[in-house]
Every structure is written in C-alpha cells, then in structure tokens.
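Undergrad: With the input below, show me the fold.
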Amino acid sequence: MVKNDSTIAGFFPATVMPDPDWWQVLWPSPEQVLIALGAGSQMEAVDLCCGDGLFTVPLALSTRHVVAIDIDPGMLALARSKATAAGATACEFVQGDAYALAPLIREPVDFVLIANTFHGVPDKLRLARAAAAALKTGGRLAIVNWHQRSREETTVLGEPRGPRTDIRMSPADTVAVVTRAGLKHFGVVELPPYHYGAVFQKPAE
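TA: Next comes the predicted model:
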C-alpha cells in the first residue's frame with residue numbers, strides 16, 4: 001500500500017494514498033479528467049497536495065509547466081519518479097504546507113488542482129483562500145471530490161473505497177466554501193463513477 005506519512009506536522013487527516021491497484025482502476029485516464037476540468041496547453045499549473053503524482057504527470061505533459069506540492073517528501077519522491085519515467089520535464093516538486101501556497105510558487109498561475117484531498121482539510125476556507133491568492137485573474141481552481149454517497153456504495157474491485165461517509169462533500173457544500181474565498185463558481189463536471197470536479201474562476205478585482 002502507498003501511504004502518506006500522517007505523522008508529519010500539518011498533514012491533512014483522511015487523505016492517505018490508497019493501494020495503486022484500485023486507484024488505477026478508478027482513474028484509468030487522468031489526462032481526460034484534466035481536459036474535462038479545463039487544463040490547457042499554455043497554462044502554468046499547480047498540483048496541490050499532489051500525493052504520488054497521479055495527476056502531476058499528465059498535467060506536466062499537457063500544460064506549459066506544473067509545480068507539484070506536497071507536505072510529504074516520500075510522496076514527492078514517488079511523483080518525481082513517475083515524472084522521470086514518463087519523460088515529463090515541465091515540472092518541479094516542492095515540499096511545503098498547502099495553506100502557505102503563495103510563497104511556494106514564483107508567481108500567480110492559471111490553474112490549481114486539488115484532487116481527492118479537500119474532504120479531509122481541517123480549515124477548508126483557509127485552503128480555498130490560499131488557492132485563490134495563487135491564481136491569476138481569470139485563473140481556475142479545480143477540486144476533485146468523492147460524491148456524497150455511502151462508502152458502501154463506492155466499491156472498487158469488490159471493496160468499499162474512499163473516505164469515510166461522514167466527511168464527504170456534495171458539490172453544493174464545496175461551492176459554498178470556495179465562493180466565500182472570493183472565487184466564482186464556474187461549473188461542476190461529473191467524473192464517473194464516484195467523483196465530481198467543482199471548477200472555480202478568479203474574477204477581476
């Protein structure tokens with residue numbers, strides 16, 4: 001099993017990386033997910049709380065540049081290894097606290113991805129504000145979440161998967177938090193079988 005080191009100070013609870021076998025069954029085409037969320041070839045991007053790099057590599061291959069950020073150096077090492085194996089060079093890897101995003105990047109970016117993490121963030125508004133501060137005007141934040149369904153209903157390879165039922169968020173829950181951070185709700189993309197992507201845009205001041 002691939003696991004984050006949850007003993008690290010600042011680690012978000014309920015966000016441990018799963019077994020690679022069922023994770024790959026659930027996400028067979030991460031590049032298609034990114035297209036659906038609006039990632040573009042000329043974008044500067046951030047993969048925030050990148051884990052083992054499931055989305056980092058396709059982001060690096062489909063955008064101008066991506067900064068992959070995680071608090072766990074072990075996860076960053078796995079993500080870097082995947083990028084090297086795929087020949088993805090338009091990426092860099094930064095260890096740091098997601099709440100302190102702005103100092104970890106050189107300048108505002110076009111696209112921030114937070115995948116399979118938001119449900120476990122203790123202060124969701126604080127993280128949404130950090131992401132908003134890292135975006136250029138017109139830039140997008142995409143949050144990939146499990147649908148608010150019973151864990152027993154979200155099975156992969158015959159077993160219940162995903163975070164605890166009680167901490168899952170509906171699209172409306174996610175929108176309610178993130179719009180308080182000053183971002184405009186752009187839309188919700190269905191990501192079958194069990195996920196959705198909530199997309200937000202930074203308006204002009």
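Undergrad: In the protein, where's the longest strand?
TA: Taking DSSP state E as the criterion, the chain has its longest strand at strand 135-146.
Undergrad: Run the chain-centre distance for that one.
TA: Offset of strand 135-146 from its chain centre (C-alpha atoms, centre = their mean, to the nearest Å): 9 Å.
Undergrad: Then stretch 100-112?
TA: Here the centre of stretch 100-112 is set off from its chain's centre by 14 Å, with C-alpha atoms, centre = their mean.
Undergrad: Pull up the distance across that stretch, start to finish.
TA: 14 Å (C-alpha to C-alpha, to the nearest Å).
Undergrad: Check which residues of the longest helix anywhere in the chain are buried.
TA: Determined from DSSP state H, the single longest helix within the chain is helix 73-86. Buried residues in helix 73-86, defined by neighbour count with 16 or more other C-beta atoms under 10 Å: 75-76, 78-80, 82-83. For the C-beta atoms, the positions are set from N, CA and C on the backbone; glycine is no exception.
Undergrad: can you give me phi and psi for residue 66?
TA: phi -130, psi 140 (degrees, to the nearest 10).
Undergrad: didn't it look like it was pressed against residue 39?
TA: No: with contact defined as C-beta atoms under 8 Å, residue 66 does not count as touching residue 39 (9.2 Å).
Undergrad: tell me the contacts of residue 196?
TA: 144-145, 147, 171, 188-190 (C-beta atoms under 8 Å, 6 or more residues apart in numbering).
Undergrad: Might you list the low-confidence residue ranges for the protein?
TA: Along the chain, segments meeting pLDDT under 70 span 1-18.
Undergrad: which residue ranges form the strands in it?
TA: 44-48, 65-70, 91-95, 109-115, 135-146, 155-156, 159-160, 184-191, 195-201.
Undergrad: Out of those strands, which gets nearest to residue 122?
TA: strand 109-115 (14.2 Å; C-beta to C-beta).
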